[in-house]
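Novice: Below are the sequence and a predicted model for it; my questions follow.
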Amino acid sequence: MFVVIGMGINLHSDASLAMLCRPDVVAKMDEDFAADAAGGMGGEEQTLRIPHGGLFENVSCANYLGEIIEWFGWAVAAWSLPALAHFLFTLDNLIPRARHHHLDYINKFKDAYPRNRFAVIPGVL
C-alpha cells in the first residue's frame with residue numbers, strides 16, 4: 001500500500017515540476033504561481049519557479065517525500081535487512097538534499113516563498 005501511495009505522490013510531483021519548465025504553461029501562470037528568480041546552469045539562463053499544488057503546498061520536495069514513502073513500503077513488504085538498509089540509505093541521501101533545496105528556495109525567493117512549508121516531512125522537517 002505504501003509503495004503505491006509513494007509512487008503516486010512521486011509521479012504527481014515529478015509531473016508538477018516538469019510543468020514548470022513548459023513555456024506554454026508558464027505563460028498562463030499568474031504572478032503568485034510563477035514567482036521567478038534568476039538562476040543559471042551550464043551557461044544558459046534558467047528560471048526557478050515555486051512549485052504549487054498537491055503536497056508542494058506542505059513541503060518543498062514532495063517528490064522526495066514520495067520516494068521516501070515508496071521505499072518505506074518496499075522495506076516493510078520485503079521485511080529484510082537489505083530492504084531496511086536501502087530505505088535508510090534513501091533517507092540519508094534525500095533528507096539532506098531536501099533540506100538544501102528548501103533553504104535554497106527560501107534564500108532565492110525571500111518573502112515570496114511560503115513560510116509554512118517544511119523541507120520534506122510535513123510538520124517535522
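Specialist: That came through, no problem.
Novice: Read off the pLDDT value for the closest residue to Leu94 other than its chain neighbours.
Specialist: Distance criterion Cβ to Cβ, 6 or more residues apart in numbering; nearest residue to Leu94, sequence neighbours excluded, is Tyr64 at 4.5 Å. C-beta: built from backbone N, CA, C; applies to glycine. Predicted confidence (pLDDT) for Tyr64: 96.
Novice: How about Glu31?
Specialist: 48.
Novice: all strands in this protein, in order from the N-terminus.
Specialist: 36-41, 44-49 (DSSP state E).
Novice: show me the contacts for Asn116.
Specialist: Asn116 is in contact with Asn58, counting by Cβ atoms under 8 Å, 6 or more residues apart in numbering.
Novice: Can you give me the separation between it and Pro122?
Specialist: 10 Å (Cβ to Cβ, to the nearest Å).
Novice: Longest helix of this protein, counting residues only.
Specialist: helix 81-109 (DSSP state H).
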